[in-house]
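K.L.:
Pasting a predicted model and its sequence here:
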Amino acid sequence: MSFSLSHPGYTPAEIMTIEASRRLKNGTVCFVGIGLPSAAANLARLMHAPDVVLIYESGTIGAKPDVLPLSIGDGELAEYADTVVSVPEIFRYWVQGGRIDVGFLGAAQVDRFGNLNSTIIGTDYAKPKVRLPGAGGAPEIASNAKETWIIIKQNLRTFVEKVDFLTSVGHLTGGDSREKSGARGAGPTAVISDLGVLVPDPVSKELTLAALHPGVTIEQAKAATGWDLKIASKVEAIAPPTQLELVTLRDLHERTARAHGVATTTD
Amino acid sequence: MSFSLSHPGYTPAEIMTIEASRRLKNGTVCFVGIGLPSAAANLARLMHAPDVVLIYESGTIGAKPDVLPLSIGDGELAEYADTVVSVPEIFRYWVQGGRIDVGFLGAAQVDRFGNLNSTIIGTDYAKPKVRLPGAGGAPEIASNAKETWIIIKQNLRTFVEKVDFLTSVGHLTGGDSREKSGARGAGPTAVISDLGVLVPDPVSKELTLAALHPGVTIEQAKAATGWDLKIASKVEAIAPPTQLELVTLRDLHERTARAHGVATTTD
Amino acid sequence: MTSNIMSLSDAIRRFVKDGQSLALEGFTHLIPTAAGHEIIRQKRRELTLIRMTPDIVYDQMIGMGCAKHLVFSWGGNPGVGSLHRFRDAIQNGWPNAVTIAEHSHADMAGRYQAGASGLPFSVLRGYVGSDLPKHNPDIKSITCPFTGEVLAATPAINPDVTVIHAQKADRKGNVLVHGITGIQKEAVLAAKVAIATVEEIVDNLEAPMNACVLPHWTLAAVCEVPMGAHPSYAHGYYERDNAFCREWEVISRERERFVEWMKANVMSTPNHAQFLTYAGIR
Amino acid sequence: MTSNIMSLSDAIRRFVKDGQSLALEGFTHLIPTAAGHEIIRQKRRELTLIRMTPDIVYDQMIGMGCAKHLVFSWGGNPGVGSLHRFRDAIQNGWPNAVTIAEHSHADMAGRYQAGASGLPFSVLRGYVGSDLPKHNPDIKSITCPFTGEVLAATPAINPDVTVIHAQKADRKGNVLVHGITGIQKEAVLAAKVAIATVEEIVDNLEAPMNACVLPHWTLAAVCEVPMGAHPSYAHGYYERDNAFCREWEVISRERERFVEWMKANVMSTPNHAQFLTYAGIR
C-alpha cells in the first residue's frame, strides 16, 4: 500500500472506494461490476446500507458476500444471495426489464460525455494496440439502468476526449443525444475517480468536476484529464475517510486476501 | 360403466384408451393433454413403456403420477416429476424448441385433414353456438411436435368435413399444404377413436380408416363420420384388450376416483 | 426500509383501481382466489382481466360485474367443464358485456416474458394455420432478418396490477413460490404493481438456492391469507378441493343462485378467513 | 433404453468433429475444463468456439491450435488479467489465425435462448449507441410491429456440440446443475448434440422440485469426471483454484513455456485424473 503525501493515512484507491460507497443509499438495487464497484458496493452494505440489493451478472440477486468476489461468479455470491437465477434471466427480466436503480461500472476509458470503452485500445478494431476483455454485461446495463455510476482511476490514458471504441453508452455526444438514441434511464450521473467526482452538466451533459478528494487540487484534476475539464461553480470538498470507513474497508480486503490467497485491492 | 353387445367385457372408451396406449413406445417424449391422452399415456407407462417421458403443459417433465390428474397442474404431476419448470419455459424450450416426439391431443372436432377445433361450435366467432374453453397449448404443440396423435370419440358432431374453427393445425387442406405452411413435424399421424384408428393418406393426407376395434364395422365408422370416409386397402383388426390391460386401466381409474372423489373415466 | 406486508383489504384498496388491467395468475396451482374475492367485495369495475387459464375466480369476478374485457388462452373449470358466468357474459352480456381477446398458452407465456423483459413484443413460432389470428388484431407477423422466416409477433403484457398467491414470505416480504410455478414470476415482473398473498409469513424462507423467489422490492404488497388459493391448492399446504369445483358447476349455472351464493358467502363476509368458515370450507 | 453414460474420451471421439461449432459453457462456475483438455488431446481442428466468457480452457484450446473462430462477449482470466494465447492468436495469428465475433452478455444469453426455443433470432433491448454493431454483421435491427421501436436482432446460436460440467448425474443420465447455473441449460437445449461431465454419478439426484435438471434424453453423453471443472469450481464439491489461475498468467505468457506445459501436463496424460495428479493439483 502506498501513501501519498497529500492525503496521508489512506490511499487514493481507498478514498475513491469510500466516496463511491457513501453515495449508495440503503435499499437501492445496484447492478455491480467486479473489482472497484464491488468493493464500494459491499463497503456501503457493511456501513450505512445494510439493505442495499446487490446483483451480479452471474445471476445472484441480493448477494451478501463476506469477502469480495474475485470473479463475477464466485460461490460466495450464490451462498448468501436471496435467489440465484440463470444468466439469461438476469439480463432479460432484471436488466432489460428496467429493475436496476444503479448500474455500477468500471471501464478502461471514459470520455467527456461518460461513454465507456472496455473493448480495445487503439482505433483499428482489426489491429488493436491492446485487446481488452470486451463488453460483458456493460452495454445493456448502461442503456437500461435508471442511472449509471462509473468508478475509474483518473489519468490521461483513462479520461479521454473520445473513447477509442464506444462499448457502452453514456451521454453520447451530449445534450439530448442519449435520450434520442433510445437508451433508457438517466445515463452516467457520477464518475468517481481517485481525484474526485465528475457529474454531467444538466444541459450539455459534459462531465464536470464537482468534488475533489482531500488534498487534491483542481489543477491536478485538469492535468489528469484528456479534455479541457470544466469545473463546477462550486467544487465540493469530499470528507476524508472516517476511521470506521477505513477499518471496515481494510478488514474487508484482508478477509478477502486470506480467503483467495491474494489481495483484491486495486491499489 | 355401460357394455355394448358387440364387444362385451369392456367399453368403447376403454378400447380407445388401450389402443392409444399400445402405440406409445418406451422412451418416447410425449406432450400429454388432460383427459383421454393422459389416461392412455399413463396406461402405456404402467404397461410396456416404463421410460416414456410425459410432459404436461404446467411445466412437469417426466411426470409419473400414481393417479390421473384432474387438471393439467395437479400436485401429483409435480411430486414425482424429473423436474418442474415454468410455463414459459415449457412452451419456449420444450415445445417450440422441437423436443416433443408425440403431441397427444384431444379436441371437440377433427376434420378430414386432421385439423382440430377447441374454440367454438358454430361458424360465427362473435356469436358461437357453444363457446369451448379455447386453444390452451394445442396450436403450438400441433405445429411443433414431431408428430401428433388425436384421441377423440367418433360421431357426426366430432368428425366433421371441415372444423367450425381451426384452432390447431393438422394437414390443413391436404397434400403438401401443411409443409408449405411452415408447420414443423409430420402433423397428425393417427386419430384414435372409439371405433378405430384413422391415419393420413401418404399423399393426399386425408384421414383414412386404417383399423377397427373388435366388433366395429366399416359401415359403423362411415356412419359416424361427417365426410365420405376413405377406407384403407387393408383395414387392420385391433386386438381386444388383454386382461392385464383392462385390469391396469381400471385400477388406475379406481385409484383416481378414490383420490379425487370422482371418476375420471370419460365413459 | 418500509415493509410491504399489509392486509389484503388494504392492498386491494391501495393498488387496484377501476378501469385497470389486472392479471390474477396461477396455473391450476396457487390461484389467488382470496384476492379475487376482495376485489369483488370492494366492487372494482371496468377491469381488463388477463389470465392464461381463467377459472372459478374469474367466473366469479365476471359474474359480479368487475370485468369489461378478458384476455386469455383457455377458460374452464378444470376437470369439470365450462364457466357459466363467463359464457353468459360473452354470449348474453350479463351482467354486462365482456369482450375477449383470445391467444394460445405459448403466446400468452411469451407475452408475459416480453413484458417482464422490457421488450414491446414477443416472437412466437406458433399459430401456423390457425384461425385465431383472424379474430385477434393483436396477433401480427414478423420476418426474421437473417432467415426470412415469418413468425408470429404479439404485444408484451404489462398489467397495471398482477396478483399471485404463493406458499411463504419472510418478514422482509421476500416470497417463495414452490412446485408448479406457472407464469407467476413473469406476471409479477411484467406488472407495474404486484401483490402476493401467501399461506404464511415465516422467519426464514428456507428456499433452495435456485428456487423461485421474488425479492420484496418487486412486490408492492405481501398479504398473509391462509388457504388463499382455495379451491386451488398450495403444494405442501393443502390439496385441491375437487368437491367444491364440482359444486361450482351447480352454483354458477343459474344467475339467481350464483348471485345469492356470492352475496351470502363473499359479499357478506369481511375477509377470507370468515368466508372459509361461513362457506363451510374450513 | 440405451444409457448415455460413457467415458469422456469416448464422448469426444464420438461427438466432436473437426470444423464444428462448439460451446463449452460455464459462467465462472462449472467450466468444463476436462472436456476442453480431451478435445486438445484428440487434436480437433478448425473449431468455431462459442462462449460468453472464454477463459483459461479456451486460451488452452486456442493456443493448441483447435480454433479458427471465436464467438464471445468477455474474454479474460477472471480476477487475474488477459488471456495471452487468445491475444497472440487474434493479434499475431499464432499458432493460426483466429477470427472473432463479439457480442454483449445480454445478447449472447438471448441468442442461446432463441436457439433453445427453436426461434431463428433473438430480440434485444441493447447495443444502444455502441460501436459493436459496426464490427459485427450479425447484429442487425428489427422494428416492433406494434410500437415502431427499433431493437437489436441477432441470430440464434445452435452449436453443433455443447459441453457443460455439472455436479451430479443419476444412473439414467439425468443431470443436476446447482448454484450459479449460468447459461448451461440454454446452451444444452440449443445444441444439436450435448455432453455433460459431472463430479459424480449417484443413485438419486435428490434435486429440489424446481432445481435445474437436464433430463437424460437431452444429453448424448454423460461422463463422470471428478474435478472436471478445475481450476473453476463446483459448488458443494471444491472451490476455485485461484493460485492456479494466477499461475496460468505466468505459464501462458510465452509461447514456449505454454507449449511445454501443455505437452507435459495435458498431452502426455491419458485422462483428467492423471492430469490432476501429474500437474500436482490433486
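P.N.:
That came through fine.

K.L.:
and the gap between C:A220 and B:N42?
P.N.:
42 Å (C-beta to C-beta, to the nearest Å). C-beta: built from backbone N, CA, C; applies to glycine.

K.L.:
When those two are compared, which one has more neighbours?
P.N.:
When C:A220 and B:N42 are compared for neighbours, B:N42 comes out ahead with 28 against 20, by other C-beta atoms under 10 Å in any protein chain shown.

K.L.:
is it true that the more buried one lies in a strand?
P.N.:
No. Counting by DSSP: H, G, I helix; E, B strand; the rest coil, B:N42 is not found in a strand; it is helix.

K.L.:
ok, which stretches of the chain are helices?
P.N.:
Looking at chain A here, since you left the chain open. With DSSP state H as the criterion, chain A has helices at A:12-22, A:36-46, A:75-79, A:87-89, A:138-144, A:177-181, A:218-223, A:243-260.

K.L.:
switch to chain C, that's the one I care about
P.N.:
C:8-15, C:33-41, C:56-63, C:84-92, C:105-116, C:184-190, C:242-253, C:255-262, C:272-278.

K.L.:
Format the ones you listed as a markdown table; extra columns: distance to chain B.
P.N.:
Listed next are the helices of chain C as a markdown table, based on distance: least, C-beta to the nearest C-beta, whole Å:
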| stretch | distance to chain B |
| --- | --- |
| helix C:8-15 | 23 |
| helix C:33-41 | 15 |
| helix C:56-63 | 12 |
| helix C:84-92 | 5 |
| helix C:105-116 | 4 |
| helix C:184-190 | 6 |
| helix C:242-253 | 5 |
| helix C:255-262 | 17 |
| helix C:272-278 | 19 |
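
K.L.:
Redo these as CSV? Include mean neighbour count and mean pLDDT.
P.N.:
Below are those laid out as CSV (neighbours: other C-beta atoms under 10 Å in any protein chain shown; pLDDT from 0 to 100):
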stretch, mean neighbour count, mean pLDDT
helix C:8-15, 18, 98
helix C:33-41, 25, 98
helix C:56-63, 25, 98
helix C:84-92, 20, 94
helix C:105-116, 30, 98
helix C:184-190, 27, 98
helix C:242-253, 17, 96
helix C:255-262, 15, 98
helix C:272-278, 17, 97
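
K.L.:
Can you say which of those helices is nearest to D:L30?
P.N.:
helix C:184-190 (23.5 Å; C-beta to C-beta).

K.L.:
quick one on the thing from earlier: need the helices of chain A in TSV with distance to chain C, can you?
P.N.:
Output for those, formatted as TSV (distance: least, C-beta to the nearest C-beta, whole Å):
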stretch	distance to chain C
helix A:12-22	18
helix A:36-46	13
helix A:75-79	6
helix A:87-89	9
helix A:138-144	7
helix A:177-181	16
helix A:218-223	37
helix A:243-260	20
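
K.L.:
With distance to C:R85 and mean pLDDT as extra columns, can I get those in CSV?
P.N.:
As requested, these are exported to CSV (distance: least, C-beta to C-beta, whole Å; pLDDT from 0 to 100):
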stretch, distance to C:R85, mean pLDDT
helix A:12-22, 57, 97
helix A:36-46, 51, 97
helix A:75-79, 47, 90
helix A:87-89, 37, 98
helix A:138-144, 42, 98
helix A:177-181, 48, 97
helix A:218-223, 70, 98
helix A:243-260, 60, 95
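
K.L.:
Just name the most buried of those.
P.N.:
Of all the helices of chain A, helix A:138-144 carries the top mean neighbour count, a mean of 30, counting by mean count of other C-beta atoms under 10 Å in any protein chain shown.

K.L.:
can you list contacts of that helix?
P.N.:
A:31, A:33, A:91, A:95-96, A:98, A:100, A:103, A:105, A:107, A:116, A:118, A:148, A:167-170, A:182-185, A:187-188, C:118, D:104-107, D:124-130, D:132 (C-beta atoms under 8 Å, 6 or more residues apart in numbering or on different chains).

K.L.:
Please verify my assumption that C:G236 contacts C:L176.
P.N.:
No. The pair C:G236 / C:L176 is not scored as a contact, 10.3 Å apart, by C-beta atoms under 8 Å.

K.L.:
what does chain C put close to chain A?
P.N.:
Contact residues (C-beta under 8 Å from any C-beta of the partner chain) of chain C with chain A: C:1, C:113, C:116-119, C:174, C:185-186, C:189, C:207, C:209-213, C:215, C:217-218.

K.L.:
Could you turn the buried ones of the residues you listed into a ChimeraX selection?
P.N.:
Buried subset of the residues of chain C next to chain A, written as a ChimeraX selection, criterion 16 or more other C-beta atoms under 10 Å in any protein chain shown:
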select /C:113,116,117,118,119,174,185,186,189,207,209,210,211,212,213,215,217,218
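
K.L.:
Keep the residues of chain C next to chain A, but drop any that are not near chain D.
P.N.:
C:S117, C:G118, C:L119, C:M209, C:N210, C:A211, C:C212.

K.L.:
Give the closest residue to the closest residue to chain B within chain C in space, chain neighbours not counted.
P.N.:
Closest to chain B within chain C is C:T28: 2.7 Å, counting by C-beta to the nearest C-beta. Leaving aside its sequence neighbours, C:T28 sits nearest to B:G73 (C-beta to C-beta, 6 or more residues apart in numbering or on different chains; 2.7 Å).

K.L.:
Identify the residues contacting that neighbour.
P.N.:
Taking C-beta under 8 Å, 6+ apart, we find B:G73 in contact with B:Y56, B:S58, C:F27, C:T28, C:H29, C:P78, C:I180, C:G182.
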